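**Student:** My questions concern the predicted model and sequence given below.
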Amino acid sequence: MTKTTFKQPLLDHNSPEFKTAKQAEAALFNVYNLTGTDTYYQLPDSDMRVRVTEIGSGTPIFIVPGNTGDGFPFSSLIGHMGNHHFYLFNRPGGGLSDGIDLTKLPDIRQFVVDTIDTVLNDLHLDRVPIMAHSMGCHWALWYALAHPERVSKLILIGNPGRVMLGKTPAPLKVLTLPGLDKIVSKRLIPKNQDQAFNGLKLMGTNKETLATLPNELREAYLRFEHLPNYSVSTLSLLKTLTVNPKYEIKAADLAQIQCPTLMLWGENDTFASVDKGREIGNALPDNRFHLVKDAGHMPWLDRPEECAGQVELFLQ
């Protein structure tokens, strides 16, 4: 395990912010008739705790969320799938795991691989399909490259982090400019429920979907983005994995992936074009690419039944 050389920003489980966020997530789960059981795992050589929420029963699926690592947006997709034991991993810095400042880590890639390895070991999952979104796809690909024997299939949803990206998207680059980063990130954090879906708008979620998503999802976004470590975790993610070319996963790397992959790509994903998605898919040795029409960077929000059906078909 890559040893952390400084104290990471831990999350106080007794704080009002923690309790309010957890209540908001539970209310959202209830909308989709989901019940979650939480376990916290201590990372070796660190005081950091990461959270895994287990939902359902049946064949296992390990989920690596996008953004900073919040798991609650997967609720609608999980709710449209059955007969699975979902392991919803809250990446460090997101969900209700402890915060993280990635700029302080000496080797981010090794930290990612070691963290997932630790969690899978603790869960006694020797070989499992991994479903991931956005930056979570980046983490999942790194892990599949390091431990191909432990990943049976990969489901990659949305533009998969810094993968064959080349130029950094302008909206992300602005967030890393000295002096502007904290100002812009602060403005992006919603002040109320009316602003809670601003991020989804920027990611291409269609207007009709935004009008019909439950208020419980609005409340979850509002509360999780007001957790005390959200800003430092977000900014450090942008300043490292998102914009630094040395962390890019290239076509030659993708060619080494040994398991079958499914890519679900929203037609209106604002982080990369459909052509780029197909290019990434063509670089994977055994890939099925599915375009989700009129959907954004989180395509299951726009088309939950379609996305769930594609995942189920692929897993079969």
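**Tutor:** Sure, I can see it. The shown structure was predicted, so the numbers you read here are calculated from the model rather than taken from an experiment.

**Student:** ok, residue 59 - contacts?
**Tutor:** Applying Cβ atoms under 8 Å, 6 or more residues apart in numbering to residue 59 gives the contacts 83, 84, 85, 315. All C-beta atoms are positioned from the backbone trio N, CA, C, and that covers glycine.

**Student:** Can you pick out the ones from these that are in helices?
**Tutor:** Using DSSP state H, the subset of the contacts of residue 59 located in helices is residue 315.

**Student:** farthest-separated two in the contacts of residue 59?
**Tutor:** Taking every pair in those and measuring Cβ to Cβ, the maximum separation is 12.5 Å, between 85 and 315.

**Student:** overlap in contacts of those two?
**Tutor:** Taking Cβ under 8 Å, 6+ apart as the contact rule, residue 85 and residue 315 both touch 59, 61.

**Student:** Let's verify residue 306: helix, strand, or coil?
**Tutor:** helix (DSSP: H, G, I helix; E, B strand; the rest coil).

**Student:** That one against residue 292, yeah?
**Tutor:** Yes - because the distance of 6.2 Å satisfies Cβ atoms under 8 Å, residue 306 is recorded as touching residue 292.

**Student:** With neighbour numbers in mind, choose between these two.
**Tutor:** It is residue 292, of residue 306 and residue 292, that has more neighbours when counted by other Cβ atoms under 10 Å, with 21 against 17.

**Student:** got the end-to-end distance for stretch 237-248?
**Tutor:** From its first residue to its last, stretch 237-248 covers 13 Å (Cα to Cα, to the nearest Å).

**Student:** Excluding residues flanking it in the chain, which one is nearest residue 21?
**Tutor:** Leaving aside its sequence neighbours, residue 21 sits nearest to residue 223 (Cβ to Cβ, 6 or more residues apart in numbering; 4.2 Å).

**Student:** From what I see, that neighbour and residue 28 are in contact.
**Tutor:** No - the pair residue 223 and residue 28 does not pass the contact test of Cβ under 8 Å, sitting 10.1 Å apart.

**Student:** Count the residues that sit near residue 199.
**Tutor:** A total of 17 residues lie near residue 199 under the criterion other Cβ under 10 Å.

**Student:** Next, find the distance separating it from residue 83.
**Tutor:** Per Cβ to Cβ, to the nearest Å, residue 199 is found 32 Å from residue 83.

**Student:** No further queries at this time; thank you.
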